[in-house]
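**Q** sharing a sequence plus its predicted fold:
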Amino acid sequence: MEAQKEMRPAFAERLKELNNNGHTLAGREFPDNGTLVDVVTMTPAQWHAVPDNPRQRNTAKHAERADHLLVPHPRHANVDAGLLPDGTMVKLDAHTRDYNWHEGRVPPPPFVRVSRYHVDDLAAAAELYMTFDNKAAADNSNDLLYGICREQNLDLSSDLLRHHKFATALRVANAMWSDGAVGKWSDDRLVELVSEWNPELQLLDSCDTSKRRWYSTSTAGALILLKAYGAPARKFISAIQNDEGLKQANRKDAVQACRDYLSETKLKKQTEQQRSTIIRTMVACYHQYMRGGTYSTVAGAHGARPISEKNFREWVENMKIRNS
């Protein structure tokens, strides 16, 4: 990183200019986050040595579908970086171009022009990254979740979560837990919620859950149980995953009842009300599981019944108080 540090005097001169022109807040040693500091020239090899942004998506995966970057263009030589107070840099964009050049997929340009923007720290660089990311080739929710989990050191390995296709489950879980509408999130809100649900995601991942067994709404229900009860709920979820339920004559235990119910509802397109019913049924099954109770299967295929919406809301509020 010596090449980066040698550029620091130019940054100091630019700081004087910015201060003289009133571009900084009173009392700040450095300009505001996102302020353009300077433009420097680097070789592709030097650019490759600049660390990736902490929120960068799966670059190799994105490169496979970014066909437009396989045709060299003069504009591809324009890249952006965050400049930290110690003079080192972090990429704000052009991760995929760098990957293609380094892997020999595309001939690199002789040099790149690096527009450098001040960032206070890596967290500021991650936030600024969201404004530079190319929305035409934009992060879908899977890509975005990959980058967020990478930034938060959330290493997911289960078949269900390692593909980072749980944005809907997270939206549904949070809405049910907070009594809000599912709706759509801003990217910043998704970052916050991955952080808020990080312990539950880790616990769910430790159950070695599979895509074959779980879908968005049941995943949301599992996250809610883990939010409420923590590690003790893990045993119930693992039992469903591993098909450890018991059925005898016209009775079945809560694990089997919940598993049968989730299998029955898996392929149905669900409204918000149906999602609520599924999650409230999962909660009822867990409560029956804790009591060691069983279900009669005479009246229905699975025997499980949801708790009421009123009781669910009271339960959520009680769990929030208990866990506070």
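**A** On my side now, so go ahead.
**Q** residues making contact with stretch 78-85?
**A** Residues from elsewhere that reach stretch 78-85 (C-beta atoms under 8 Å, 6 or more residues apart in numbering): 11, 29-30, 37, 47, 50, 53, 89-94, 97-98, 112-122, 124-125, 128-129, 132. C-beta: built from backbone N, CA, C; applies to glycine.
**Q** distance from it to the middle of the chain?
**A** Averaging C-alpha positions (C-alpha atoms, centre = their mean, to the nearest Å) puts stretch 78-85 24 Å from its chain's average.
**Q** in that stretch, which residues are buried?
**A** 78-84 (16 or more other C-beta atoms under 10 Å).
**Q** so which of these is the closest to T209?
**A** Checking the buried residues of stretch 78-85 against T209 by C-beta to C-beta gives G82 as the nearest, at 36.4 Å.
**Q** which element is the closest one on?
**A** strand 78-83 (DSSP states H and E).
**Q** now do the following helix or strand past that strand: which elements does it pack against?
**A** As assigned by DSSP H and E, the chain's next helix or strand after strand 78-83 is strand 89-91. Judged by 3 or more C-beta pairs under 8 Å, 6 or more residues apart in numbering; DSSP states H and E, strand 89-91 is in contact with strand 78-83.
**Q** mean confidence (pLDDT) on the strand it packs on, please.
**A** What strand 78-83 shows for mean pLDDT is 93.
**Q** show me this structure divided up by domain.
**A** Following automatic domain parsing, the chain resolves into domains at 2-138, 152-323.
**Q** mean pLDDT for those: which is lowest?
**A** Minimum mean pLDDT among these: domain 2-138, a mean of 77.
**Q** off-centre distance for it?
**A** 23 Å.
**Q** try stretch 253-265
**A** 28 Å.
**Q** turn the buried residues of stretch 78-85 into TSV, including distance to L190.
**A** Shown next, in TSV, are the buried residues of stretch 78-85 (distance: C-beta to C-beta, whole Å):
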residue	distance to L190
N78	28
V79	26
D80	22
A81	24
G82	21
L83	27
L84	25
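**Q** between these, which is closest to P72?
**A** N78 (13.0 Å).
**Q** could you dump the domains of the chain into TSV and include distance to L144?
**A** Shown next, in TSV, are those (distance: least, C-beta to C-beta, whole Å):
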stretch	distance to L144
domain 2-138	7
domain 152-323	6
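**Q** and K91, how many neighbours?
**A** Number of residues near K91 (other C-beta atoms under 10 Å) recorded here: 23.
**Q** before we move on, what about K310?
**A** K310: 8 surrounding residues under other C-beta under 10 Å.
**Q** please tell me how far it sits from S276.
**A** From K310 over to S276 the distance is 12 Å, taken as C-beta to C-beta, to the nearest Å.
**Q** what's T294 sitting at in phi/psi?
**A** phi -130, psi 170 (degrees, to the nearest 10).
**Q** okay, now the residue nearest to it when sequence neighbours are not counted: neighbour count?
**A** Of all residues not flanking T294 in the chain, R251 sits nearest, at 4.6 Å (C-beta to C-beta, 6 or more residues apart in numbering). If you count neighbours by other C-beta under 10 Å, R251 ends up with 16.
**Q** which residues touch R251?
**A** Taking C-beta under 8 Å, 6+ apart as the contact definition, R251 lies against 294-297.
**Q** swap the cut-off to 10 Å and go again
**A** R251 is in contact with 257, 293-298, 303, counting by C-beta atoms under 10 Å, 6 or more residues apart in numbering.
**Q** need phi/psi at it.
**A** phi -130, psi 150.
**Q** separation between it and Q288?
**A** Distance from R251 to Q288, by C-beta to C-beta: 12 Å.
**Q** one more: H95?
**A** Counting by C-beta to C-beta - H95 and Q288 are separated by 49 Å.
**Q** again, but for R259
**A** R259 sits 13 Å away from Q288, going by C-beta to C-beta.
**Q** tell me which of the two has more neighbours.
**A** R259 (25 against 20).
**Q** correct me, but that one touches K252?
**A** Yes. Using C-beta atoms under 10 Å, R259 is in contact with K252, at 9.2 Å.
**Q** contacts only, for the closest residue to D155 other than its chain neighbours.
**A** Once flanking residues are discounted, D155 sits nearest to C149: 7.5 Å by C-beta to C-beta, 6+ apart. Listed by C-beta under 10 Å, 6+ apart, the contact set of C149 reads 55, 155-156, 161-162, 164, 166, 194, 198, 201.
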